[in-house]
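Visitor: generate a structure from the sequence data that follows.
(2 chains)
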Number of protein chains: 2
Amino acid sequence: MRIPYAEMKAEFKRVFLKYGLSEEKAELCATIHTQTNRDGIYSHGSNRISLFASYLKKGWVNAEGAPVKEKEFGAIEVYNGNLGPGITNAVFCVDRAIELAKKFGIGLIGLKNTTHWMRAGTYGLRAADQGFIGINWTNVDGAMPPWGGMEGRLGNNPFVMAAPSPDGTPLLLDMAMSLYSYGKLQVTRLAGKKLPFPGGFDKDGNLTDDPKVVEETRRLLPMGYWKGASFAFILDILSAILSDGGATIDIDNAGKGICGRCSQAFIVIDPQKTSSTEHINEIITRSRAYIKTSALAEGHKEIRSPGEGIAAARKENDEKGIFVDDTVWAEIKAL
Amino acid sequence: MRIPYAEMKAEFKRVFLKYGLSEEKAELCATIHTQTNRDGIYSHGSNRISLFASYLKKGWVNAEGAPVKEKEFGAIEVYNGNLGPGITNAVFCVDRAIELAKKFGIGLIGLKNTTHWMRAGTYGLRAADQGFIGINWTNVDGAMPPWGGMEGRLGNNPFVMAAPSPDGTPLLLDMAMSLYSYGKLQVTRLAGKKLPFPGGFDKDGNLTDDPKVVEETRRLLPMGYWKGASFAFILDILSAILSDGGATIDIDNAGKGICGRCSQAFIVIDPQKTSSTEHINEIITRSRAYIKTSALAEGHKEIRSPGEGIAAARKENDEKGIFVDDTVWAEIKAL
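Guide: Residues are numbered from 1 along each chain as shown, chains lettered A, B, ... in the order given. Next comes the predicted model:
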């Protein structure tokens, strides 16, 4: 079904208030979740509301938790997130990184002991919408085998890079380290389809495009095979070092599935200190046109630059009301 | 064959001096190229000497070129590389970023109008060897089709992240955006083998593991399909914005194959400002052990963390002399 923005946000906020968030935190989380749905990322918007509420109920997310500064030096600050809501913690940190970037041109915030920040792209876009470049990543629990291994000991750590848009179409890379998410496997299985490309290994170690098989073996394929596995590993190390926090092994030791004790890094850069607005806009506009006007490959109708999918989803959701799965909406209403 | 370190470096330096580099630049370039070979990255060490000499001869690389500061603000500086040697330009910039990191905790250098920096990992490792975290990337000419396209309009832009090693084994991600390099395609073809996984498209748009076919179509596969293509695009945009420089379209317009006018970004962070040495070493050591002790997948004998391959190559090259292909060495001697 489709729900107007204000109604969706109000419903999310009602749930968050009921499960213990303050007025201010509920307002912010409801806004971010609604914007996430508006951008077409339903998996991390409406589809996480029930789960987030259950985490609040179980105390896995500390409704009262907020970032407390533990270290600072020059353009760097390090915070303890005290297991507060991942969204409010991360929004605070990207906003602080923006303040540091205003002062030093670049700013870095490390955040430890935080919880699931939902959509990774939220924080890069938040910087980009204010005219900054945002680079951020988090570690998460081990859900992907290392290259050559079988056990889920690498986080599917998302990595984000965003730049200010010249024309309203976001410029955003929001990329997890596996080729497909478990959400994509589920959706594909439910549709009775195969994956577009092999997305994991079967029990004998052969690559397979059958989503059900990968859900069973849990041997998710890193994007680019060994490359995505290496990238996931170093993102984990860097987020732990930059936040004085824990790594994926620590998140796993604290209990798989909780996704607490995450470590995150937020780098924000003021591009006006390196380029004029004219140069920034012109580089983006010309580069987009360059790739989009390439001769098309077989079976493709267009070439999209990163962020165009979001712009298309926004447009449709603004015109028709924001999409939400019927069952998911009913679940939220019942909370 | 295998050549002692000092002999290899002296031979490289002889060539560089002959082709117009100053004593200081020849010394630095010879050192970096020799270290690159020592680390087992022959494609960007010995195997580039002749090509680099030819670029100097043609004037594509300006032997006299050196970075000139054009902008500065807080922890950011922007340089014009004046088409000087990619190595000397980039070493200067990572060293400047280290100085900024000492002062501000984090530093960013943008470098425009530079030439091929050879091995991307050189600069991350240079920061890491001095106890810093290094993140750097460059744009290059369009050698990879955008996702859904057929023409090489995306740079195979390498991305690097490195952290200080607790034990001499480097911790380095040095990753180009295609699954395989053209060098890997060539080596595989010459060995009469197929690629381990499909590495590009044939003329009908089907994925193929035949290296010769991909060399012919030049439809190189991005790592992670659309993911690597998106990553390549945003790295291009950011390097151009952060250096006030050109994007891949500009590099291509200046003449394919020249690889001049590249834009690069160097971020260096002082991890001592966020974590103790003890925490840094412990996070790396425990995380490495965690992935390496996963149950092995079929056909794998060990799990390596990023950087272990380099450590192994260093050990062998230190023990036996540094490897160089016979033909390549003969070519260099004849220069």
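Visitor: chain A: strands as residue ranges?
Guide: A:2-3, A:68-73, A:76-80, A:106-114, A:133-138, A:142-144, A:154-155, A:159-163, A:171-175, A:200-201, A:207-208, A:262-269, A:322-323 (DSSP state E).
Visitor: any residue of the fourth one touching chain B?
Guide: The reference is to strand A:106-114. Yes. Using C-beta under 8 Å from any C-beta of the partner chain, strand A:106-114 reaches chain B at A:106-108, A:110. Where C-beta positions appear, they are placed from N, C-alpha and C, glycine not excepted.
Visitor: ditto for stretch A:71-87
Guide: Yes. Stretch A:71-87 comes into contact with chain B (C-beta under 8 Å from any C-beta), by way of A:71, A:73-76, A:78.
Visitor: make a PyMOL selection of the buried ones in these.
Guide: Selection of buried members from those for PyMOL, criterion 16 or more other C-beta atoms under 10 Å in any protein chain shown:
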select buried, chain A and resi 71+73+74+75+76+78
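Visitor: got CSV for the residues of stretch A:71-87 next to chain B, with pLDDT and distance to B:Phe231 too?
Guide: Formatted as CSV, the residues of stretch A:71-87 next to chain B follow (pLDDT from 0 to 100; distance: C-beta to C-beta, whole Å):
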residue, pLDDT, distance to B:Phe231
A:Lys71, 98, 31
A:Phe73, 98, 30
A:Gly74, 98, 29
A:Ala75, 98, 25
A:Ile76, 98, 25
A:Val78, 98, 27
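Visitor: picking up where we left off before, of the residues of strand A:106-114 next to chain B, buried ones?
Guide: A:106-108, A:110.
Visitor: how does chain A divide into domains?
Guide: With domains defined by automatic domain parsing, chain A comprises A:1-58+A:305-335, A:64-176+A:229-282, A:179-221.
Visitor: out of the ones you listed, deepest packed?
Guide: domain A:64-176+A:229-282 (a mean of 24; mean count of other C-beta atoms under 10 Å in any protein chain shown).
Visitor: what about that one, start to end distance?
Guide: 45 Å (C-alpha to C-alpha, to the nearest Å).
Visitor: one more: stretch A:98-114?
Guide: 20 Å.
Visitor: tell me the mean pLDDT for that stretch?
Guide: Stretch A:98-114 shows a mean pLDDT of 98 in the predicted model.
Visitor: ok, now stretch A:149-158?
Guide: Stretch A:149-158 comes out at a mean pLDDT of 96.
Visitor: report whether that stretch contacts chain B.
Guide: Yes. Judged by C-beta under 8 Å from any C-beta, stretch A:149-158 comes into contact with chain B through A:149-151, A:153-154.
Visitor: dump these to a markdown table, plus distance to A:Val94.
Guide: Below are those laid out as a markdown table (distance: C-beta to C-beta, whole Å):
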| residue | distance to A:Val94 |
| --- | --- |
| A:Gly149 | 33 |
| A:Met150 | 36 |
| A:Glu151 | 33 |
| A:Arg153 | 29 |
| A:Leu154 | 25 |
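Visitor: now for those: which two are most distant?
Guide: Comparing all pairs in the residues of stretch A:149-158 next to chain B by C-beta to C-beta, the longest separation belongs to A:Met150 and A:Leu154, at 11.8 Å.
Visitor: quick one: the helices in chain A?
Guide: For chain A, helices defined by DSSP state H occupy the ranges A:5-18, A:23-38, A:49-58, A:86-104, A:121-129, A:182-190, A:211-217, A:226-243, A:248-253, A:277-292, A:308-320, A:326-333.
Visitor: quick one: A:Arg286 from A:Lys292, how far?
Guide: Distance of A:Arg286 to A:Lys292, computed by C-beta to C-beta, to the nearest Å: 11 Å.
Visitor: hang on, I meant A:Ala63
Guide: 45 Å.
Visitor: same deal with A:Gly121?
Guide: For A:Gly121, the distance to A:Lys292 - C-beta to C-beta - is 21 Å.
Visitor: pLDDT weak spots in chain A?
Guide: A:256-257 (pLDDT under 70).
Visitor: identify the residue nearest the geometric centre of it.
Guide: A:Ala120 (1.8 Å; C-alpha atoms, centre = their mean).
Visitor: for the closest residue to that residue other than its chain neighbours, what are its contacts?
Guide: In space, A:Ala120 comes closest to A:Pro158 once its chain neighbours are excluded; the distance is 3.7 Å by C-beta to C-beta, 6 or more residues apart in numbering or on different chains. With contact set as C-beta atoms under 8 Å, 6 or more residues apart in numbering or on different chains, A:Pro158 has these partners: A:120, A:137-138, A:140, A:174-177.
Visitor: hmm, A:Ile98 is touching A:Asp129, no?
Guide: No. A:Ile98 lies out of contact with A:Asp129 (C-beta atoms under 8 Å); the separation is 10.4 Å.
Visitor: roughly how far apart are the residue nearest to A:Ala120 and B:Ala176?
Guide: 21 Å.
Visitor: what does A:Thr115 give?
Guide: 35 Å.
Visitor: what parts of the stretch 51-200 of chain A come near chain B?
Guide: So the stretch 51-200 of chain A meets chain B at A:71, A:73-76, A:78, A:103-108, A:110, A:133, A:142, A:145-151, A:153-154, A:161, A:163, A:171-173, A:175, A:179, A:197 (C-beta under 8 Å from any C-beta).
Visitor: ok, so of the residues of strand A:106-114 next to chain B, who is nearest A:Asp167?
Guide: Nearest member of the residues of strand A:106-114 next to chain B to A:Asp167, counting by C-beta to C-beta, is A:Ile106, at 25.3 Å.
Visitor: returning to that earlier point: closest to B:Thr88 out of the domains of chain A?
Guide: domain A:64-176+A:229-282 (21.7 Å).
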